[in-house]
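Visitor: fold the stuff below for me.
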Amino acid sequence: MGLFGPKKHTKRVGEESEAMIAARLLEVGYGVAKPLGESTRYDLIIEDGDGAFWRVQCKTGWLSGNKETLMFATASNHYHYRAKSGRNTNYRRGYLGQADYFAVYSPDLRKAYLIPVTHFGSNQASLHLVPTNANNQHGIKMAEDYEL
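Guide: Next up is the predicted model:
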């Protein structure tokens, strides 16, 4: 089992992130609901103070090697077995039109972020924790702007 217990399964890591995100959303004043089952393309539904509802896809973020950016996936993997050909197929599928926000939890930083799905492409995204050295900051997304 090791000194600090068993290694966490990726499903468990996701469940912990979802719980931390839900707690933080409640803390800042959102109403939070959980869809029944796992067949939706979002993990939570949040309600703002004006009665609007939003679909939220939860993600676990990780730090880049230099610890200057928080990375997270903006797509999920889908595997299918094709009986006719006897082959497995794998493809990545984004969330545009199926979720309104990504909620990203960083276990390293112990912080959560709420980001519109439309702010990023359909594979992987990064939030900068420190300003870049580039002269032009256009298009750079700072983590502090999305922090819950």
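
Visitor: low pLDDT regions in this structure?
Guide: Confidence mapping of the chain against pLDDT under 70 gives the ranges 1-9, 77-83, 85, 89-92, 134-138.

Visitor: could you measure from the residue of it most remote from its centre over to residue 44?
Guide: Note on the chain: the largest C-alpha distance from the chain mean falls to residue 84, namely 34.9 Å (Cα atoms, centre = their mean). Here residue 84 is placed at a distance of 37 Å from residue 44 (Cβ to Cβ, to the nearest Å). Where C-beta positions appear, they are placed from N, C-alpha and C, glycine not excepted.

Visitor: ditto for residue 76
Guide: According to Cβ to Cβ, residue 76 stands 16 Å off from residue 44.

Visitor: so between those two, which is more surrounded?
Guide: residue 44 (22 against 13; other Cβ atoms under 10 Å).

Visitor: how about that one: what's its closest non-neighbour residue?
Guide: Here the nearest residue to residue 44 in space, its sequence neighbours aside, is residue 56; by Cβ to Cβ, 6 or more residues apart in numbering that works out to 4.3 Å.

Visitor: returning to that earlier point: surely the residue farthest from the centre of the chain is in a strand?
Guide: No: in this structure, residue 84 is coil, not part of a strand, as judged by DSSP: H, G, I helix; E, B strand; the rest coil.

Visitor: show me the contacts for it.
Guide: Residues in contact with residue 84 (Cβ atoms under 8 Å, 6 or more residues apart in numbering): none are found.

Visitor: next one: residue 35
Guide: Under the criterion of Cβ under 8 Å, 6+ apart, the contact list for residue 35 reads 42-45.

Visitor: go again with 10 Å.
Guide: Each residue near residue 35 by Cβ atoms under 10 Å, 6 or more residues apart in numbering is listed here: 41-45, 55.
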